[in-house]
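K.L.:
Give the three-dimensional model of this entry:
(chains A and B)
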Amino acid sequence: MVNKERPVNLKLTSIHFPMPAITSILHRITGVVLFFFIPFLLWLTWYSLSSEQSFNNIKTFMSLFSFRFFLWVFISALFYHIVAGIRHLFMDIHIGETLKGGRYSAWFIFILSAVVIILLGIYLLIGFNFTL
Amino acid sequence: MSTNTKGLRDWIIQRVSAIYLGLYATFLFVYLIVHPDLTYQVWQNLFTLFWFRVASILLFGCLVLHTWIGLWTVITDYIKLPIIRMIVQLLIIFSLIIFFIWGIEIVWGIPLTWI
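P.N.:
Now for the predicted structure:
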């Protein structure tokens, strides 16, 4: 006989990772992404300091979409990684380490980062100037 | 004893280096914001200052340690095959040593001012 009490239908849309798990995996992903950015940033630092000509070249790069996109990805990853890192530091000193606190702070850093990343994208990718 | 304290040591290094990296990044961010029309002379002058040179070399040290502990944790979790894990770890160590030397080379290449 078939057990009629068994769950018959899995509602796939109701199954998802809890927010703290998502922010945690994003912290790891952004960390790995930042590692790959290290050589580019070292090169940029070296190039900006090597001569006045190369320094001015970087200012010209700033008008290129590809360079702005590169900066956007880097700053977004760095911002998220720092904010998620600060959340962990707070938890280390026993602030917000309950299940409820962890969920709230996970949502908080997720929304904060999303807003900052979108605004930065509007500024860097579309070229909208926020200064009045 | 040493195997017991390794985790704690890594834990502390990860957090202390994180705070330093965050402070350095914040400093550079604020520096670039307050210098919207930055010139080569002003930018280069920053790197001639002794304290900034020390701060930058300290940054490279923190970056290497922080990256190593972070990537070690991620690799240990996801790469199960020991030989592959070892190869990836060696590649990371090799890259980090190159980045560290490169970073010091960049900072060292600029004349020093004792201010």
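K.L.:
Only C-alpha atoms from now on, for both contacts and neighbour counts.
P.N.:
OK.
K.L.:
before we move on, which element is the spatially most central residue of chain B in?
P.N.:
In chain B, the residue lying closest to the centroid (CA atoms, centre = their mean) is B:L63, at 1.9 Å. Applying DSSP states H and E as the criterion places B:L63 in helix B:50-78.
K.L.:
and after that helix, which helix or strand comes next?
P.N.:
Counting by DSSP H and E, the next helix or strand C-terminal to helix B:50-78 is helix B:82-108.
K.L.:
what packs against that next one?
P.N.:
Counting contacts by 3 or more CA pairs under 8 Å, 6 or more residues apart in numbering or on different chains; DSSP states H and E, helix B:82-108 packs against helix A:19-50, helix B:50-78.
K.L.:
any low-confidence regions in the chain?
P.N.:
I'll assume chain A. Scanning chain A for pLDDT under 70 picks out A:1-4, A:7-9, A:130-132.
K.L.:
Sorry, I should have been clearer: chain B.
P.N.:
B:1-4, B:113-115.
K.L.:
for chain A, what are the nearby residues on it?
P.N.:
Within chain B, the residues that sit near chain A (CA under 8 Å from any CA of the partner chain) are B:15, B:18, B:22, B:40-41, B:43-44, B:67, B:70-71, B:74, B:99, B:102-103, B:106.
K.L.:
Mark which of the residues you listed are buried, thanks.
P.N.:
Neighbour-count burial (16 or more other CA atoms under 10 Å in any protein chain shown) is assigned, among the residues of chain B next to chain A, to B:15, B:18, B:22, B:40, B:43-44, B:67, B:70-71, B:74, B:99, B:102-103, B:106.
K.L.:
ok, of those, which one's closest to A:K100?
P.N.:
B:R15 (23.9 Å; CA to CA).
K.L.:
Tell me which helix or strand the residue lying closest to the closest one once chain neighbours are set aside sits in.
P.N.:
What sits nearest to B:R15 in space, not counting adjacent residues and going by CA to CA, 6 or more residues apart in numbering or on different chains, is A:L89, at 7.5 Å. A:L89 is part of helix A:65-92 when elements are defined by DSSP H and E.
K.L.:
List the buried residues for that helix?
P.N.:
For helix A:65-92, a neighbour-count test (16+ other CA under 10 Å) marks A:67-68, A:71-88, A:91 as buried.
K.L.:
repeat for stretch A:23-37
P.N.:
For stretch A:23-37, the neighbour count (16+ other CA under 10 Å) marks A:23, A:26-28, A:30-32, A:34-35 as buried.
K.L.:
wait, doesn't the residue nearest to the centre of chain B sit right on B:S17?
P.N.:
Yes: contact criterion CA atoms under 8 Å: B:L63 and B:S17 qualify, at 7.2 Å.
K.L.:
what's the longest helix along chain B packed up against?
P.N.:
Secondary structure assigned by DSSP state H gives helix B:2-34 as the longest helix of chain B. Contact partners of helix B:2-34 among helices and strands, from 3+ CA pairs under 8 Å, 6+ apart: helix A:65-92, helix B:50-78.
K.L.:
and the angle for the shortest one with helix B:2-34?
P.N.:
Read that as helix A:65-92. Relative orientation of helix A:65-92 and helix B:2-34, computed by axes from the mean of the first three to the mean of the last three CA atoms, to 10 degrees: 130 degrees.
K.L.:
I'd like the next helix or strand past helix A:65-92.
P.N.:
Past helix A:65-92, the next helix or strand by DSSP H and E is helix A:99-121.
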